[in-house]
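# got a predicted structure here, sequence first:
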Amino acid sequence: MVDTTPLSRAVDHFADRLRAAPQSRLQRGAAAEALAAARELARRAQQLEEPGAEAREMPDAGMFAAADQILVAAHDLAVVVESDEQVAEAVRLVEEARQRAGV
């Protein structure tokens with residue numbers, strides 16, 4: 001079984017920082033970064049679950065939903081990852097998005 005704890009920690013931290021961020025920071029791009037990361041995590045999960053199927057794009061539910069969207073996408077990916085390398089890559093993606101978001 002693959003240990004997804006590092007992914008959970010990284011995404012929990014990002015989501016907590018998004019929830020604590022002022023609306024102005026979310027509007028300046030933090031929410032968009034979170035949504036982009038959530039979409040990428042969701043795409044990866046879909047590829048693992050249904051190889052070859054066309055990926056469905058996570059909708060934009062608004063800046064105040066970005067924290068929840070990245071949590072859901074990371075959870076979905078954590079359920080289907082097959083290797084520690086996939087976890088490490090997802091953690092890297094989340095950390096880079098958090099840094100770009102400035103939170």
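Perfect, I can see it now.
# quick one, helices of the chain?
Here the chain has its helices, by DSSP state H, at 5-20, 23-25, 31-49, 66-80, 84-101.
# okay if I get these as CSV plus mean neighbour count, distance to residue 56 and mean pLDDT?
Every residue, glycine included, has its C-beta placed from N, CA and C. Formatted as CSV, the helices of the chain follow (neighbours: other Cβ atoms under 10 Å; distance: least, Cβ to Cβ, whole Å; pLDDT from 0 to 100):
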stretch, mean neighbour count, distance to residue 56, mean pLDDT
helix 5-20, 18, 20, 97
helix 23-25, 12, 29, 95
helix 31-49, 21, 7, 96
helix 66-80, 21, 12, 97
helix 84-101, 17, 19, 97
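# so which of the ones you listed gets nearest residue 58?
Each of the helices of the chain has some distance to residue 58 by Cβ to Cβ; the shortest is helix 31-49, at 4.8 Å.
# so how far is the closest one from its chain's centroid?
Distance, stretch centre to chain centre, for helix 31-49: 6 Å (Cα atoms, centre = their mean, to the nearest Å).
# go on, stretch 72-82?
10 Å.
# related to what we said a few turns ago, could you dump the helices of the chain into TSV and include distance to residue 60?
TSV is the format used below for the helices of the chain (distance: least, Cβ to Cβ, whole Å):
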stretch	distance to residue 60
helix 5-20	15
helix 23-25	16
helix 31-49	6
helix 66-80	9
helix 84-101	15
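# for the ones you listed, which one sits closest to residue 57?
Short answer: helix 31-49, nearest of the helices of the chain by Cβ to Cβ, at 6.1 Å.
# right, I'll leave it there.
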